[in-house]
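Participant: what follows is a predicted structure for the sequence shown.
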Amino acid sequence: MVKGFENGSELAKRSVALHAAAERPRAPAAAKRMLRRIKDAGDMAKLARNRH
């Protein structure tokens, strides 16, 4: 098993769990903050890609 792939699937699992937590009506603020931070990072990466 490739180590990077293992880590990737672990990250995916964690992000899925995070999304599920944020979907709950009374989600913990921390989960919502984390989700927003991840989304912001994704948007930044997209912007950086488009700029080049």
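Facilitator: Okay, I see it. Keep in mind the model is a prediction, meaning the values are calculated, not measured.

Participant: helix, strand, or coil at residue 26?
Facilitator: coil (DSSP: H, G, I helix; E, B strand; the rest coil).

Participant: neighbours around it, how many?
Facilitator: Close neighbours of residue 26, defined as other C-beta atoms under 10 Å, add up to 5. (C-beta placed from N, C-alpha, C; glycine too.)

Participant: how much space separates it from residue 51?
Facilitator: 39 Å (C-beta to C-beta, to the nearest Å).

Participant: can you tell me how far residue 20 sits from residue 14?
Facilitator: Plainly put, residue 20 is 11 Å away from residue 14 if you go by C-beta to C-beta.

Participant: which other helices and strands contact the longest helix along the chain?
Facilitator: Ranked by number of residues, the top helix in the chain under DSSP state H is helix 29-51. Here helix 29-51 touches helix 3-23, going by 3 or more C-beta pairs under 8 Å, 6 or more residues apart in numbering; DSSP states H and E.

Participant: for the longest helix of the chain, buried residues please.
Facilitator: Applying a neighbour-count criterion of 16 or more other C-beta atoms under 10 Å, one finds 31, 34-35 buried in helix 29-51.

Participant: ok, residue 28 to residue 44 distance?
Facilitator: Residue 28 sits 24 Å away from residue 44, going by C-beta to C-beta.

Participant: just to revisit the earlier point, and the buried residues of helix 29-51 as TSV, adding distance to residue 10 and pLDDT?
Facilitator: Shown next, in TSV, are these (distance: C-beta to C-beta, whole Å; pLDDT from 0 to 100):
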residue	distance to residue 10	pLDDT
31	18	73
34	16	77
35	18	78
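
Participant: residue ranges with poor pLDDT in the protein?
Facilitator: 1-9, 11, 18-19, 21-25, 27, 52 (pLDDT under 70).
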